[in-house]
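J.: return atomic coordinates for the entry below.
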Amino acid sequence: MTLLERLMAMVERIRAVNDEGKRTSFPQSETIYRKTLNDLVENEEKMRYYLRMLAEAHYIFIIRLVEPDDRLLIHGLETYVVSDIPILMKLKEVAYSELELAYEGQYYKRKQATQVVREMIGTARQFNNTPLGKSLNLAMMLQQFEQFMATRFVEFSDTWKSEKLRELIPEILKEVQPIRDQSDVSTQPRRAVDSEHLTKIEEMDRSGKWGEAVQKFGVEFLVRVHLRKYEFARVKQLIKQHKIATEKDLRFIRDSLRVMEGRFEQDPELKNHAEALVDLRRLAQLRMNQIVLARKEAGLN
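T.: Numbering: from 1, shown residues only. You can find the predicted model right below:
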């Protein structure tokens, strides 16, 4: 089985779980290797790398259910969903039902899921690692991904996804385009330097009030606040100052901006900030590309 065939098999395994349309139809990062993918990938580290690339190529979506918190010994938790509109709509119904039940269990009153999302979108971080927080994150992201696919449908065509995946994972190209053997060249000193370069790129400046706020609320929550206020220049400044630097946070910014780009017609005020929004998205993508390239050069892909 070629690498490309294995990757497509991974997508189909996730699709099969998703397509059941149940509360158990969301494979989670803690168990997906053992339950679903262990015969397709040699280890969990490699699996996580391939899942990131499949998400980057828009074959799947990765949804963060729980944010990691070292202070409270909380590990991050993710789930995986294929980028298929019928399946997304089916899963959104499941997620909405779970959110309504979780909200009722927390507050002893019932509300429609759409109303819960609208009212709690700015406070999701407060419920991290709780049933309500997990349900809220799941419902919000499925809603955003459905809108994202509707507004950027070209990027979910088979041609676009295939070309993007081949661009992201060089091993796929090697299967059809062998390269010369470089086994006689020592790469260890270079990789040590490249690893230091990667660490420096993703190193985040946590000094001052920003660092205190990140410690308390997390980057994603703070970014959501800035984006809701149309403060795109402020987020751009934070990236340039390395206040925001990790691939995960940059990807969150890029994906959030993509969703916002689909709302120009519904939000006249947002349309006034179109240039700043696109400029910020390009900066986030540029920094992400630098990280991916540094990781490849360090031999960590």
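J.: use CA for all of it now, contacts and neighbours both
T.: Noted.
J.: check which residues of stretch 75-87 are buried.
T.: Of the residues in stretch 75-87, those buried by neighbour count under the rule 16 or more other Cα atoms under 10 Å are 76, 77, 78, 79, 80, 81, 82, 83, 84, 87.
J.: how about residues contacting that stretch?
T.: If you take Cα atoms under 8 Å, 6 or more residues apart in numbering as the criterion, stretch 75-87 is touched by 11, 14-15, 18-19, 21, 26-30, 58-69, 88, 146, 149, 156.
J.: taking these one by one, which sit in helices?
T.: With helices taken from DSSP state H, the overlap with these comprises 11, 14, 15, 18, 88, 146, 149.
J.: run through the bridge partners of the residue nearest the centre of the chain.
T.: With the centre of the chain defined as its mean C-alpha position, the nearest residue by Cα atoms, centre = their mean is residue 62, 4.9 Å away. With beta bridges defined as DSSP bridges, residue 62 has these partners: residue 80.
J.: so how far is residue 237 from it?
T.: Residue 62 sits 27 Å away from residue 237 when distances are taken as Cα to Cα, to the nearest Å.
J.: picking that back up, and which of the ones in helices among the contacts of stretch 75-87 is nearest to residue 50?
T.: Using Cα to Cα, residue 11 is the member of the ones in helices among the contacts of stretch 75-87 that sits closest to residue 50, with 10.4 Å.
J.: is it true that that closest one touches residue 58?
T.: No: between residue 11 and residue 58 there is no contact, the gap being 10.7 Å when judged by Cα atoms under 8 Å.
J.: more neighbours, those two?
T.: Shown here are residue 11 and residue 58; by other Cα atoms under 10 Å, residue 58 has more neighbours (23 against 20).
J.: residue 6 contacts residue 40, doesn't it?
T.: Yes: under the criterion of Cα under 8 Å, residue 6 makes contact with residue 40 at 6.2 Å.
J.: re the thing from before, now the ones in helices among the contacts of stretch 75-87 in JSON lines, with distance to residue 247 and pLDDT?
T.: Output for those, formatted as JSON lines (distance: Cα to Cα, whole Å; pLDDT from 0 to 100):
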{"residue": "11", "distance to residue 247": "22", "pLDDT": "97"}
{"residue": "14", "distance to residue 247": "24", "pLDDT": "97"}
{"residue": "15", "distance to residue 247": "26", "pLDDT": "96"}
{"residue": "18", "distance to residue 247": "26", "pLDDT": "95"}
{"residue": "88", "distance to residue 247": "25", "pLDDT": "92"}
{"residue": "146", "distance to residue 247": "23", "pLDDT": "87"}
{"residue": "149", "distance to residue 247": "22", "pLDDT": "86"}
